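*Asks:* Test case, fold it:
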Amino acid sequence: MPAPPLSHHEILGLVEPFTRHGRHVDLAASDRLQRRIAFKPLDHDGAATGALPLRETLQLESLGTGTFRLTRTLTARGGLQATLLAMGSQPGDLLAGVEAIAAQRQFRAGPGFLIARCYELKPAPGIEDGLVLTSGVVRLDGLTLTLTVSPVRGVSGDLALAPTTDETLDLPQDLLAVLGWDWTRLVPHKDGWKSKLRLRGRAAQRTRRALAALDTAAEHLATTLAQPPARYHEQHLSARWGVVFRRAIPSLTAISLIATVILLPRFAVDENPGLWMLMYHVPTVLLALSFCLQELPQFEVPPLPRKPTSSSWRRARSTNGLTSLPGR
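*Replies:* The predicted structure follows:
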């Protein structure tokens, strides 16, 4: 049975700690039937300190079970938003917890990019200020990268790239994979591209690693998109070949198993023990490496890295939609 609408008396009691902190109810944006109270926006100019100008809105929801959810939404230039969510039984405590987190902490501006970080307040040992990252967005010139962090331990983060203009970006499949083993290749999607990011450990470790990954990806993408495609190939050539090797591991494992079965009986252990041991363990090593891969193993011949000939990553959008050139 749904909870009854908020009464006038309930609303007065709930907003009292907010009113004491200078927060005023926005009646037009509130919804008594949905048990949702919205507060008027608060602007953070930031001009005096050189900080990013932000608009802050608060929304308090009564779940009807004695639990409340307070959501702070910060909006930066261009409409990029970062949220902070807190849940508990005392609205005043939720407000205090949210106000203790500086608004500027949820954004990072860098050369050619802006990062918005969405958190949930979950006080627990090892979690700094109780902040657990739930998602992050990197806004670049013509491209947006979104990282969604699963609350489940051991589950990789989901990455999505989407263009923000009418142009198509010819992105190489290894654009993020060159950053290391924790990153996977780009897979074309109707709205852009999808990828994965390995996040190990508990919530605190996953948050730290996700934040570092967002910073790394933002700097990498901003630098890459600001330069010609050929420059990317030159700077990351060895890493691109490393991606080829990683993608070839499943196929190499199958080939090495077949080769071992055929060739091993032809060699006597006492004649050349070193070669025999090498042939015997190569399949095992490759099989172990395959378990370190982020994406589902595929038996394929990976495309070799080629130097792009185009002078720009961008081109006019075609009727076929987005493309990710497999040979680049």
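*Asks:* And the one helix or strand residue 12 maps to, what's buried?
*Replies:* If you go by DSSP states H and E, residue 12 is part of helix 8-20. Within helix 8-20, the residues that qualify as buried are 11, 14-15, 17-18, counting by 16 or more other C-beta atoms under 10 Å. Any C-beta I mention is one placed from the backbone N, CA and C, and that applies to glycine too.
*Asks:* the strands in this protein, which residues?
*Replies:* With strands called from DSSP state E, the chain shows them at 36-38, 42-44, 54-62, 68-75, 81-88, 107-110, 113-121, 131-140, 143-148, 157-163, 167-169, 187-189, 192-197, 314-316.
*Asks:* Confidence-wise, which of these is weakest overall?
*Replies:* Looking at the strands of the chain, the lowest mean pLDDT belongs to strand 314-316 (a mean of 80).
*Asks:* in it, what counts as buried?
*Replies:* residue 314.
*Asks:* Kindly report the same for stretch 65-74.
*Replies:* 68-74.
*Asks:* Return the closest of those with respect to residue 183.
*Replies:* residue 74 (28.0 Å; C-beta to C-beta).
*Asks:* Distance check, that closest one against residue 173.
*Replies:* Separation of residue 74 from residue 173 (C-beta to C-beta, to the nearest Å): 34 Å.
*Asks:* and what of residue 134?
*Replies:* In terms of C-beta to C-beta, residue 134 sits 28 Å off from residue 173.
*Asks:* Who has more neighbours out of these two?
*Replies:* Between residue 134 and residue 173, counted using other C-beta atoms under 10 Å, the more crowded position is residue 173 (24 against 20).
*Asks:* so how far is residue 208 from that one?
*Replies:* 28 Å.
*Asks:* my guess is residue 5 meets residue 35, correct?
*Replies:* Yes: here residue 5 reaches residue 35: they are 6.8 Å apart, a contact under C-beta atoms under 8 Å.
*Asks:* Nearest to residue 300 among the strands of the chain would be which one?
*Replies:* Closest among the strands of the chain, using C-beta to C-beta: strand 187-189, at 13.0 Å.
*Asks:* For residue 50, which residues are in contact?
*Replies:* Contact analysis of residue 50 by C-beta atoms under 8 Å, 6 or more residues apart in numbering lists nothing.
*Asks:* whoops, residue 7 was the one
*Replies:* Contacts of residue 7 (C-beta under 8 Å, 6+ apart): none.
*Asks:* And the pLDDT at it?
*Replies:* At residue 7, pLDDT is 90.
*Asks:* again, but for the one 4 residues further on
*Replies:* Listed pLDDT for residue 11 reads 92.
*Asks:* what number of residues lie near residue 116?
*Replies:* Neighbours of residue 116 (other C-beta under 10 Å): 21.
*Asks:* Revised request: answer the last question for residue 153.
*Replies:* Residues contacting residue 153 under the criterion other C-beta under 10 Å number 12.
*Asks:* My guess is it contacts residue 202. True?
*Replies:* Yes: at 6.4 Å, residue 153 counts as touching residue 202 under the criterion of C-beta under 8 Å.
*Asks:* so who does residue 3 touch?
*Replies:* 35, 62-65.
*Asks:* Just among those residues, which is most surrounded?
*Replies:* Ranking the contacts of residue 3 using other C-beta under 10 Å puts residue 35 first, with 21 neighbours.
*Asks:* gap between it and residue 80?
*Replies:* Counting by C-beta to C-beta - residue 35 and residue 80 are separated by 29 Å.
*Asks:* Residue 68 contacts residue 59, doesn't it?
*Replies:* No: under the criterion of C-beta under 8 Å, residue 68 makes no contact with residue 59, lying 10.7 Å away.
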